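Engineer: Provided below for reference: sequence and predicted model.
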Amino acid sequence: MHERQNIRNIAIIAHVDHGKTTLVDAMLWQSGLFRQNESVPERIMDSIDLEREKGITIMAKNTAINYKTVHINIVDTPGHADFGSEVERTLTLVDGVLLLVDAAEGPLPQTRFVLKKALEAELPPIVVINKIDRSDARPAEVLDEIYDLFIDLDAAADQLDFPVLYTNARLGTATLDLKQSGASLEPLFETILTTVPAPRFDPSAGLQFRVAMLDWDDYVGRLIIGRLVNGRVRQAERVAVVHRDGSVEYAKVTVLYGYEGLKRIEIPEASAGDLVAIAGVDAIEIGETVADAENPVALPLIRIDEPTVSMLFSANVSPFAGREGRFVTSPQLRERLMKEKRINVGIRVEETDSPDTFRVSGRGELQLAILIEMMRREGFELEVGKPTIITHEEHGRTLEPMEYLVIDVPEEHIGAVTQKIGPRRGAMAKMVNHGTGRVRLEYRIPSRGLIGYRTEFLTDTRGTGLLNHLFDGWDEWQGDIAHRQNGALVADRTGRATGYAIDHLQARGTMFISPATDVYESQIVGENSRDNDLDVNITKEKKLTNMRASTSDEGIKLTPPRVMNLEQCLEWVREDELLEVTPKSLRLRKRALGGRRRF
């Protein structure tokens, strides 16, 4: 096997919000990629609007820097387990990983998830303890926790011998010793060169390129992104595409791109070890191989974890359909979902008995919520049902997905949390008190027990709690779990909501809409204070008669409505209800549109 010493391929892996994207920003600046006076947005790798809004990475992305004579390819990966398929594909591109851990929070469930995948792929790790400037930073204890995590994940002896750096990503400094403050990221660059092995390849093998990501360019069409494992590829060259079933098709490379900084640059040819994007190969899916046209040899397929949550997506058939969106028909919905299935291997799309409805399965609630949010921003109108978990049958037993749940809360909220998790079938595995006033609780809980819990959790902990969970295998059905306790207030006619009607209905429950909002029959306008559904007339107006009492025209006092975002609506909805999603509105409604026919 030969090595290419002038290249290093590395992935940055971490839990959500531990500073991956900020560290990549600092690495790009210090590599001399930008001019001193160039205007560059913060978290430049988060290029999708949703990523900037939520502060999380959703799609893995490539960038590259040059340090000394070495070209370092860096892949920024998502930290959330719901986007685990992105992480698994990304790790096939690289030869080492940079594990980033918050100096105060320590390793959290997603840290465990991404590290487990990296150790399974036998990639050498570099541990970076970030945010050492935090007032509650505890780097020594966090390093001990990282060692415990490695041992817990059965790391090999050579994987335990990892280098450790301490960084402040916001200032762009790194040091190998906490007693000495860092001045730049040079120690990090040097550690990458010495720890991450150079790409190895077989000089006698032909072209082998595995597709890890897909992209689209308005000028050249579909792009396939991956790593050249063996051989070389040139522009205008004829190549073979080896599909999952072993069949072979032929295509021509129209354009070949390499990475330099944040830009894709056209290159005439690429060799083993390079990360490249190829245009011209349309009939290929993620995980399949582009091979030598004369002697096509496939690489092993990428194995992706099974989906655990599914939802029904259907075309919008409510009375307000077509008012706000551009794409409202079921063929348009089908085409968009099939496109997502081709690009995102973590999503499954299946046809149902109804031509208007599709079952979409994914790794978690958040992944499906992100897909819905992206579709509504593209101009789609659709209706989605309650998220349901996917079960397995094995030896006559029903198995359901389980989650490893880690909760970090102030001590005074422990009672409120344990009281809610008990009925959701959560079993406590561990409880750790660091002596800082906060306690870490660890549970094993069914996936369905977490549906609808996040909002309650934030209310119970006054917004101070941290809740993270991770898929933890399959277990026997844990028994029934009660969902939402309260019923719904349902509009019994179409019209416009009035302040007069809302004022009279406030005593019945919590309202979701404000005066002057258009509603239709069967739309849910609030949450009942009791457990049954209640039909209400939200459009009732005050009669304009000549008869007046001295106190009859006093001003009404309305409580502000509860405005729920997409994730909160998905948590709230029941089996007999749907969420109508349009580019401008989120409306909850009963499945049956006729009033009395619902009961």
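Structural biologist: Right, received. Where do you want to start? Numbering: from 1, shown residues only.

Engineer: C-alpha from now on. contacts and neighbour counts both.
Structural biologist: Fine.

Engineer: so where does residue 112 fall, helix or strand?
Structural biologist: Using DSSP states H and E, residue 112 maps to helix 109-120.

Engineer: I meant to write residue 398 there.
Structural biologist: Short version: residue 398 belongs to strand 397-410, going by DSSP H and E.

Engineer: what are the pairing partners of that strand, and which direction each?
Structural biologist: The pairing partners recorded for strand 397-410 under DSSP bridges are strand 392-394 (antiparallel), strand 438-446 (antiparallel), strand 466-476 (antiparallel).

Engineer: Using the three-state scheme, assign the nearest residue to residue 112 once chain neighbours are set aside.
Structural biologist: In space, and not counting its chain neighbours, residue 112 is closest to residue 149: 7.2 Å by C-alpha to C-alpha, 6 or more residues apart in numbering. Three states are possible here, and by DSSP: H, G, I helix; E, B strand; the rest coil the one that applies to residue 149 is helix.

Engineer: List the strands paired with the helix or strand where residue 101 lies, with their directions.
Structural biologist: Counting by DSSP H and E, the element that carries residue 101 is strand 96-102. If you go by DSSP bridges, strand 96-102 pairs up with strand 7-14 (parallel), strand 125-130 (parallel).

Engineer: and those strands, which one's lowest on average pLDDT?
Structural biologist: Set side by side, the strands paired with strand 96-102 differ in mean pLDDT, and strand 7-14 is lowest with a mean of 85.

Engineer: Let me see the mean pLDDT of stretch 102-111.
Structural biologist: When pLDDT is averaged along stretch 102-111, the result is 78.

Engineer: I'd like the next helix or strand past the helix or strand of the chain with the lowest mean pLDDT.
Structural biologist: Every helix and strand of the chain was ranked by mean pLDDT, DSSP states H and E. The lowest is helix 49-54, at a mean of 46. Downstream of helix 49-54, the first helix or strand assigned by DSSP H and E is strand 61-67.

Engineer: Okay, buried residues for the following helix or strand past that next one please.
Structural biologist: Scanning the chain past strand 61-67 towards its C-terminal end, the next helix or strand to appear is strand 70-76 (assignment: DSSP H and E). Taking 16 or more other C-alpha atoms under 10 Å as the basis for neighbour counts, the residues of strand 70-76 that come out buried are 71, 72, 73, 74, 75, 76.

Engineer: Thought residue 90 was touching the fifth one, still the case?
Structural biologist: The reference is to residue 75. Yes - counting by C-alpha atoms under 8 Å, residue 75 touches residue 90, with 7.3 Å between them.

Engineer: so which strand or helix has residue 458?
Structural biologist: Once you assign secondary structure using DSSP H and E, residue 458 falls within helix 453-460.

Engineer: got the angle for that helix vs strand 397-410?
Structural biologist: An angle of 20 degrees separates the directions of helix 453-460 and strand 397-410 when computed by axes from the mean of the first three to the mean of the last three C-alpha atoms, to 10 degrees.

Engineer: Need the residues that contact helix 453-460.
Structural biologist: Residues from elsewhere that reach helix 453-460, judged by C-alpha atoms under 8 Å, 6 or more residues apart in numbering: 413, 416, 417, 464, 465, 467, 568, 571.

Engineer: Mean neighbour count, the strands paired with strand 397-410: which tops it?
Structural biologist: Highest mean neighbour count of those: strand 438-446, a mean of 21 (counted as mean count of other C-alpha atoms under 10 Å).

Engineer: what's the angle from that strand to helix 109-120?
Structural biologist: Using the same axes, to 10 degrees: strand 438-446 against helix 109-120 is 70 degrees.

Engineer: Over strand 438-446, what's the mean pLDDT, rounded is fine.
Structural biologist: On average, strand 438-446 scores 87.

Engineer: Give me the below-cutoff pLDDT ranges for the stretch 51-200 of the chain.
Structural biologist: Within the stretch 51-200 of the chain, the set of residues satisfying pLDDT under 70 comprises 51-61, 78-87, 109-110.

Engineer: And what about residue 412, helix, strand or coil?
Structural biologist: Secondary structure for residue 412, judged by three-state DSSP, is helix.

Engineer: per-residue pLDDT, it?
Structural biologist: Residue-level confidence at residue 412 comes out at 88, pLDDT.

Engineer: Next: residue 527.
Structural biologist: Looking at residue 527, its pLDDT is 91.

Engineer: what's near enough to touch it?
Structural biologist: Contacts of residue 527 (C-alpha under 8 Å, 6+ apart): 486, 487, 488, 489, 509, 510, 511, 512.

Engineer: Out of those, which sit inside strands?
Structural biologist: 488, 489, 509, 510, 511 (DSSP state E).

Engineer: Going through the residues you listed, which ones are buried?
Structural biologist: By neighbour count, with 16+ other C-alpha under 10 Å, the ones in strands among the contacts of residue 527 hold 488, 489, 509, 510, 511 as buried.

Engineer: Just put those residues in a markdown table and tack on distance to residue 533 and pLDDT.
Structural biologist: As requested, these are exported to a markdown table (distance: C-alpha to C-alpha, whole Å; pLDDT from 0 to 100):
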| residue | distance to residue 533 | pLDDT |
| --- | --- | --- |
| 488 | 5 | 90 |
| 489 | 6 | 91 |
| 509 | 11 | 89 |
| 510 | 13 | 90 |
| 511 | 14 | 91 |
